[in-house]
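Participant: Below are the sequence and a predicted model for it; my questions follow.
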Amino acid sequence: MFEKSIKAYEIAKEYIPGGVDSPVRAFKSVGGTPVFIEKGEGAYLYDIDGNRYIDYVQSWGPLIFGHADGDTLEAVFETAKKGLSFGAPTQLETELAKEIVELFDSIDKIRFVNSGTEAVMSAIRLARGYTNRDDIIKFEGCYHGHSDSLLVQAGSGAVTFGNPSSPGVPKDLTKHTLLAKYNDIESVKKCFEDSNNVACVIIEPIAGNMGLVPADEKFLAELRELCDKNGALLIFDEVMSGFRASLKGAQGLVDIKPDIVTLGKVIGGGMPVGAFGGKKEIMDMLSPDGPIYQAGTLSGNPVAMAAGLVTIKKLKKNPEIYIELEKRAKKLVNGLKEAADENNIPLQIDVRGSMFGFFFNEKEVKNFDDALNSDTKKFAKFHQEMLKRGVYFACSQFETGFISTPIIDELIEETIEKAKEVFEVIANR
């Protein structure tokens, strides 16, 4: 069934570390061999062995209109004919910036970069430069890319300052990163007590990298108050939730405004892109207007801008898409929950817009500690068996799933029927 993928993986490992260009793709947490993809079309992925999968990953979020969307491809083709990159301004950048700024009350100006990691790295530098402070507060389980200051793990005991979570990251950098517990305002207060040098608090308002774990609105409101009280900036990392949870991301669901927002994924329509934006007085600190340096040769790449522009325009023209996608996401997870219950398998579920998540866990998941109590062995078995049946879920218990417009009710019903088979297999092991 996976013979060609197995062979391709062995060859890839000879030339690429681990055989992949992003670690989660190696299937280490679910076992087996990663499937090598030949093409995507609408709701489906096709691997090099000819297997077809209903795809609930959708390139980890960007493809809200599914694979090879006709409008997006046409925009990419027409733009590419004029040249792939110029390293100079184009009107496409301004057009996409205008579309985003008009939607987000918290964004007066925006700058495009090439990835979510770069967007967050730049946003933190901006916050540090604007406040003239060094420390940052982040939350356990929230992933903001692989820049040095953010690759941290908890310190020992009551110490809130982080330690490097990867070799190659100097302690001198992570000592400026304080760790708090998601949805726990007391832990944030402790961080502010431990440092009077906090430049910013960065959070995924809808966490997608410990599985789908939304922040409580009260918690976000208290976070806003704490930042204001202590003169720190509040950064919402909406690389994943932006244009996924709603047309305005998490900010369309809660009435809390950050000082800086990071975006990515959907705003590139499948092309590599990232962005960070915020209040005018903050963004005007960036070079060339201000002293804080940030640059990139491929930033605002015209092909990526064209793909993002057509995607955002389609979403703005048809905002009811989010209502339909959320209905489908709820239908999927409710079906999974019912099938799990029938086999006495504990399953926690949640949905935000077109984002969904499920944990093999007896208790509701509110933070990273809760998520870590999930049964990852059960998830691995579930993933393996669903893959065999032609359903492609994220290859980690700690990742979010996504619904795209081509994933219609019939495909969700098909997925649920296959899940019933798999839960029976798991229950009878």
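Facilitator: Happy to help now that I have it. All values reported here derive from a predicted model rather than from experimental measurement.
Participant: Check which element follows the helix or strand containing D228 along the chain.
Facilitator: Element membership of D228 [criterion: DSSP states H and E] is helix 217-230. As assigned by DSSP H and E, the chain's next helix or strand after helix 217-230 is strand 233-237.
Participant: and that next one with helix 217-230, angle?
Facilitator: 140 degrees (axes from the mean of the first three to the mean of the last three Cα atoms, to 10 degrees).
Participant: Give the pairing partners of strand 233-237; include direction for each.
Facilitator: Counting by DSSP bridges, the strands paired with strand 233-237 are strand 198-203 (parallel), strand 260-264 (parallel).
Participant: sorry, back to before: which positions in the helix holding D228 come out as buried?
Facilitator: For helix 217-230, the neighbour count (16 or more other Cβ atoms under 10 Å) marks F219, L220, E222, L223, R224, L226, C227, N230 as buried. For the C-beta atoms, the positions are set from N, CA and C on the backbone; glycine is no exception.
Participant: can you give me the helices for the stretch 201-350 of the chain?
Facilitator: Along the stretch 201-350 of the chain, the segments classed as helices by DSSP state H, counting those that start in this stretch run 217-230, 280-283, 302-317, 321-342.
Participant: Now do M355 against D108, distance only.
Facilitator: M355 sits 27 Å away from D108, going by Cβ to Cβ, to the nearest Å.
Participant: Verify the stated contact: G129 with S287.
Facilitator: No - in this structure, G129 is not within contact of S287 by Cβ atoms under 8 Å, at 10.1 Å.
Participant: so where's the protein uncertain?
Facilitator: Applying pLDDT under 70 to the chain picks out residues 153-163.
Participant: And for M271, the neighbour number?
Facilitator: Residues lying near M271 (other Cβ atoms under 10 Å) number 18.
Participant: so what's the closest residue in space to it that isn't next to it in sequence up against?
Facilitator: Nearest non-adjacent residue to M271, counting by Cβ to Cβ, 6 or more residues apart in numbering: A304, 3.8 Å away. Applying Cβ atoms under 8 Å, 6 or more residues apart in numbering to A304 gives the contacts G268, G269, M271, P272, V273.
Participant: neighbour-wise, which of these leads?
Facilitator: V273 (30 neighbours).
Participant: got a list of what it touches?
Facilitator: For V273, the contacting residues are F112, V113, N114, S115, G264, K265, I267, N301, A304, M305, G308, by Cβ under 8 Å, 6+ apart.
Participant: gap between the first one and G129?
Facilitator: In other words, F112. Distance check for F112 against G129: by Cβ to Cβ, it reads 19 Å.
Participant: Quick check: which of the helices of the stretch 201-350 of the chain is buried the most?
Facilitator: helix 302-317 (a mean of 22; mean count of other Cβ atoms under 10 Å).
Participant: Nearest to G87, out of the buried residues of helix 217-230: which one, please.
Facilitator: When the buried residues of helix 217-230 are ranked by distance to G87 (Cβ to Cβ), C227 comes first, at 36.6 Å.
Participant: Which residue is the nearest non-sequential neighbour of the closest one?
Facilitator: Spatial nearest neighbour of C227, chain neighbours left out: L234 (4.4 Å); criterion: Cβ to Cβ, 6+ apart.
Participant: tell me the SS of G31?
Facilitator: Following DSSP: H, G, I helix; E, B strand; the rest coil, we place G31 in the coil state.
Participant: for the strands paired with strand 233-237, which one sits closest to F382?
Facilitator: strand 260-264 (28.2 Å).
Participant: okay, the angle between the closest one and helix 302-317?
Facilitator: Strand 260-264 runs at 110 degrees relative to helix 302-317, counting by the same axes, to 10 degrees.
Participant: Show me what strand 260-264 is in contact with.
Facilitator: 62, 100, 104, 106-107, 110, 115-116, 119-120, 123, 126-127, 144, 200, 233-240, 242-243, 249, 251, 273-279, 282.
Participant: Tell me which of the helices of the stretch 201-350 of the chain lies nearest to T33.
Facilitator: Minimum separation from T33 across the helices of the stretch 201-350 of the chain (Cβ to Cβ) falls at helix 321-342, 24.9 Å.
Participant: Residues contacting that closest one, please?
Facilitator: By Cβ under 8 Å, 6+ apart, helix 321-342 touches 56, 64, 246-247, 315, 346-347, 349-358, 403-405, 407-409, 412-413, 415-416, 419-420, 423.
Participant: So which of M355 and D108 has more stuff around it?
Facilitator: Higher neighbour count among M355 and D108: M355, with 23 against 15, using other Cβ under 10 Å.
Participant: any idea how far I37 is from that one?
Facilitator: To I37, M355 is 22 Å away according to Cβ to Cβ.
Participant: Then N318?
Facilitator: To I37, N318 is 28 Å away according to Cβ to Cβ.
Participant: And for I412?
Facilitator: According to Cβ to Cβ, I412 and I37 sit 22 Å apart.
Participant: the more surrounded of these two?
Facilitator: Higher neighbour count among I412 and I37: I412, with 23 against 15, using other Cβ under 10 Å.
Participant: list the contacts for K388?
Facilitator: Residues in contact with K388, defined by Cβ under 8 Å, 6+ apart, are M1.
Participant: switch to 10 Å and redo it
Facilitator: M1, F2, G32, N51, K418, V422 (Cβ atoms under 10 Å, 6 or more residues apart in numbering).
Participant: cool, G401 as well?
Facilitator: Going by Cβ under 10 Å, 6+ apart, G401 touches 55-58, 60-61, 208, 211-212, 329, 332-333, 351, 354-358, 392-394.
Participant: Report the separation between the nearest residue to it once chain neighbours are set aside and R244.
Facilitator: Distances taken as Cβ to Cβ, 6+ apart place Y56 nearest to G401, at 4.4 Å, with adjacent residues excluded. Using Cβ to Cβ, one gets 13 Å for the distance from Y56 to R244.
Participant: Could you pull out the residues contacting both of the two?
Facilitator: Taking Cβ under 10 Å, 6+ apart as the criterion, Y56 and R244 both touch T400, F402, I403.
Participant: Can you get me a residue count around the last one?
Facilitator: By other Cβ under 10 Å, 29 other residues sit near I403.
Participant: I figured it hits R352, correct?
Facilitator: No - using Cβ atoms under 10 Å, I403 is not in contact with R352, being 11.1 Å away.
Participant: any residues in contact with both of the two?
Facilitator: Common neighbours of I403 and R352 (Cβ under 10 Å, 6+ apart) are R244, E326, A329.
Participant: if we can go back for a sec, hmm, which of the contacts of helix 321-342 are the buried ones?
Facilitator: Of the contacts of helix 321-342, these count as buried by 16+ other Cβ under 10 Å: 56, 64, 246-247, 315, 347, 349-358, 403-405, 407, 412, 415-416, 419-420, 423.
Participant: Those in strands, which ones?
Facilitator: With strands taken from DSSP state E, the overlap with these comprises I349, D350, V351, R352, M355, F356, G357, F358.
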